[in-house]
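> Attaching a predicted model along with its sequence, questions to come.
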Amino acid sequence: MPPLDVSTNGATRLEIGGRCRGARWMVLLDDALVERAGGEEELVGLRAAGVVAASARGRWRLQVPGSPFAGWVHDGPTAAQYGAMARFLEPMTLFDDLALQRARFAGNADLLDRYERRFLHELH
């Protein structure tokens, strides 16, 4: 298994509430967040796109097969899986993350928005 980079943003932790960080190579959710996205029925679409969706004791692991992807635009062999995961997670995704805005995007809200929604839209 490839190494896993877990974000530890102190400021994000304070504002994330009942949301998640959006599409990543692996996303961990509880039953409440899965229900918020439409329930297990909506996971059928994720599985059809090739995303692994497994549960154990009220917790869910969503994972794109293969190695993690990092970057702005993804048009490789797992693009459909990242897109499907992003659409599933969109209702509960924390957008406008102030920690990212300050640390990585120098207050450029438009650039941050494009980055946070990179798997939802074509950016070519």
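Yep, it's here. Numbering: from 1, shown residues only.
> what helix or strand does L43 sit in?
Element membership of L43, judged by DSSP states H and E, is helix 40-48.
> which residue sits closest to A32 in space, ignoring its chain neighbours?
In space, A32 comes closest to G18 once its chain neighbours are excluded; the distance is 6.9 Å by C-beta to C-beta, 6 or more residues apart in numbering. Heads up, the C-betas are built off the backbone N, CA and C, glycines and all.
> in this protein, which residue is closest to the centre?
A23 (1.7 Å; C-alpha atoms, centre = their mean).
> looking at it, that one is touching E116, isn't it?
No. Here A23 does not reach E116: they are 9.7 Å apart, not a contact under C-beta atoms under 8 Å.
> Count the neighbours of the residue lying closest to V52 once chain neighbours are set aside for me.
In space, not counting the residues next to it along the chain, V52 is nearest to Q63; the distance is 4.4 Å by C-beta to C-beta, 6+ apart. Neighbour count for Q63, taken as other C-beta atoms under 10 Å: 17.
> Bridged to Q63, which residues?
Taking DSSP bridges, one finds M26, V52 as the beta-bridge partners of Q63.
> OK, contacts around it?
25-27, 51-52, 54 (C-beta atoms under 8 Å, 6 or more residues apart in numbering).
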